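J.: How does the following fold in three dimensions:
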Amino acid sequence: MTDRRTFNVVILGVGFLFVFTAFTTCGNIEQTIVKSLRNETFSGSGYHSLGIIYGVFSFSNLLAPMFVTIIGPRMTMFLSGLLYSGYIAVFIVPFTWSFYLTSVLIGIGAAMLWTAQGQFLVENSEASTINRNTGVFWALLQCSMVFGNLYIYLDWNGKSEISESSRKNIFLALLVASILGTLSFLVLKKGFHEEDILTEDEGQSLLSGPVMYKHRANTALQDAKLEFKTILQQVNTRTIFLLSPCMAYSGLELSFYSGVYGTCIGATTQFGDKAKGLIGISGIVVGIGEIVGGGLFGLLCKNSRFRRTSVVFLGMVVHFIAFYLIFLNIPDDAPVVFATTTQKAPFLTPSASIALLCSFLLGLGDSCFNTQLYSILGCVYAEQSTPAFAIFKFIQSVFAAVAFFYSGYLRLMWQLLLMVALGFTGTLCFFIVERMQNISADMQEY
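T.: Have a look, this model is predicted:
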């Protein structure tokens, strides 16, 4: 039993490693690729595409659990992987209509994929192994930020323009990685919970295949209604209201480090021929920051209330330092320039070392906020954590989508200023919620 579950967790992590090696690399270089196209039939925007993905993802989360219940997590992940692969394939021969169509489809696929992943991981874990299994999966997933971006650095370093052959080679390699990850989901063995369901269904000889799936659909629909009702109840609570600014901030900075900042580095004229290669290195360093932060704060700090506030405050300070250095080091028109390079000069002479330091700080700060948001939600809503996490992902994804849409129009200074304002407000509100929990815990002791 243990061997099968461990096998499933490792293969699940490997599958996500391959799929997200393709997708995270694609998101990091997407706008740079779009700007380099010399195709009169293509008029898409990488920012708009990513905005559509996160927007569709946020609303699809509401229906994804029902779909996973009907067809099972393994098949759901396989079908979702095909949608991810289709999105990657579009960049080999890009057309505007297929670019935006697959953006919608991958948003739906992402909701199904992450819902199925959570269910499958729980089914293959016990109380004594859930932390270990989550850690194994998370470590493999974070490695996805390394391999694809390393390829980008090796291929783009020293190039001022991205040729058609280079673009096709990159996305063919990413497509192969995505397909390998998708196929690995078929290797997963049935979980014991899934086997119990199948045995019960097969034992009812009067139930045909269509009737069995109809029964599952009805059950899933009832569960979805109950969960949606719980979500509406939690949305009206003071805790969710106060944590909303922090959740929204996590969405803004997610869009910035995953799609905007790499584009800014690649567009900085003063970096010369190193600019495009630095996009890949930046993605790797962001991943290192995520791994360091997640390891220190997610695994070591556990649920200590004192440490939660300390970690969130550290995340705010780290991000604000990064924003200030980016403001000084990167040209103001870097996110919005229509040519491949900037026209304005920053306050300082752009330094690759400072740019990469900021990448690390962005990843470190992001892990601070995300680990502690999960921690406080799991503590406050210990009995109903799934709806609470769904609200978190919904708010985060909506604001990430909004940020991607305005990223192509707002200059860098205004984008940084928005994040500073919301980040400060979110941190302050997080402190208030933590204080409320301390008072509530003290009152229960008396």
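
J.: all helices for the stretch 51-200 of the chain, in order.
T.: 64-71, 73-90, 96-123, 130-142, 144-156, 164-184, 192-203 (DSSP state H, counting those that start in this stretch).

J.: mean pLDDT for these: which is lowest?
T.: Mean pLDDT values for the helices of the stretch 51-200 of the chain show the minimum at helix 192-203, a mean of 51.

J.: before we move on, the earlier item: right, and the helices of the stretch 51-200 of the chain - which one's nearest Phe431?
T.: helix 130-142 (26.5 Å; CB to CB). (Glycine included, C-beta is placed from N, CA and C.)

J.: ok and the closest one relative to helix 96-123, angle-wise?
T.: Per axes from the mean of the first three to the mean of the last three CA atoms, to 10 degrees, the angle that helix 130-142 makes with helix 96-123 is 160 degrees.

J.: got a list of contacts for helix 130-142?
T.: 5-6, 9-10, 12-14, 16-17, 20, 117, 121-122, 124-125, 287, 290-291, 294, 298-299 (CB atoms under 8 Å, 6 or more residues apart in numbering).

J.: List only those of those flagged as buried.
T.: 5-6, 9, 12-14, 16-17, 20, 117, 121, 124-125, 287, 290-291, 294, 298 (16 or more other CB atoms under 10 Å).

J.: so of the residues you listed, which ones are in helices?
T.: 5-6, 9, 12-14, 16-17, 20, 117, 121, 287, 290-291 (DSSP state H).

J.: between the residues you listed, which is nearest Ser359?
T.: Gly287 (9.1 Å).

J.: count of neighbours near the closest residue to the closest one other than its chain neighbours?
T.: Excluding the flanking residues, the one nearest Gly287 by CB to CB, 6 or more residues apart in numbering is Met145, at 2.9 Å. Burial measure for Met145: 25 neighbouring residues, criterion other CB atoms under 10 Å.

J.: Same check on the one 4 residues further on?
T.: Here the neighbour count serves as a burial measure; for Asn149 (other CB under 10 Å) it reads 25.

J.: For the remainder of this discussion, apply numbering that starts at 363.
T.: Shifting the count to begin at 363 puts that one at Asn511.

J.: Can you name the residues that contact the closest residue to it other than its chain neighbours?
T.: Distances taken as CB to CB, 6+ apart put Gly645 closest to Asn511, at 3.4 Å, once the chain neighbours are dropped. Gly645 makes contact with 386-387, 390, 507, 510-511, 514, 624, 721, according to CB under 8 Å, 6+ apart.

J.: Only the buried residues of the host helix or strand of Gly645, if you could.
T.: Element membership of Gly645, judged by DSSP states H and E, is helix 637-655. With burial defined by 16+ other CB under 10 Å, the residues of helix 637-655 counted as buried are 637-653, 655.

J.: Now do Ile454: how many residues are near it, please.
T.: Ile454 has 14 neighbours, counted by other CB under 10 Å.

J.: if you skip the residues just before and after it, what's nearest to it?
T.: Spatial nearest neighbour of Ile454, chain neighbours left out: Phe533 (5.0 Å); criterion: CB to CB, 6+ apart.

J.: Over to Ser546?
T.: The spatial neighbour of Ser546 that comes closest, neighbours along the chain excluded (CB to CB, 6+ apart), is Gly377 at 4.0 Å.

J.: List the contacts of the one you found.
T.: For Gly377, the contact set (CB under 8 Å, 6+ apart) comprises 439, 443, 543-544, 546-547, 550.

J.: measure it to Ser620 for me?
T.: 20 Å (CB to CB, to the nearest Å).

J.: how much space between the residue nearest to Gly649 and Leu441?
T.: Taking CB to CB, one finds Met507 at 25 Å from Leu441.

J.: do Pro693 as well
T.: As judged by CB to CB, Pro693 and Leu441 stand 42 Å apart.

J.: Check Lys551 too.
T.: Applying CB to CB to Lys551 and Leu441 gives a distance of 18 Å.

J.: More neighbours: which of the two?
T.: A count of neighbours by other CB under 10 Å puts Leu441 above the other of Lys551 and Leu441, at 17 against 14.

J.: Now Ile415: closest residue in space that isn't a chain neighbour?
T.: Closest to Ile415 by CB to CB, 6+ apart is Gly469, at 4.6 Å.

J.: one step back: out of the ones in helices among the buried ones among the contacts of helix 492-504, which is nearest to Ala707?
T.: Within those, proximity to Ala707 (CB to CB) peaks at Gly649, which comes in at 29.9 Å.

J.: show me what contacts the closest one?
T.: Here Gly649 is in contact with 504-508, 511, 725 (CB under 8 Å, 6+ apart).

J.: Distance of the closest residue to Leu726 other than its chain neighbours relative to Phe766?
T.: Using CB to CB, 6+ apart and skipping the chain neighbours, the partner closest in space to Leu726 is Gly651 (4.0 Å). With distances taken as CB to CB, Gly651 is found 21 Å from Phe766.
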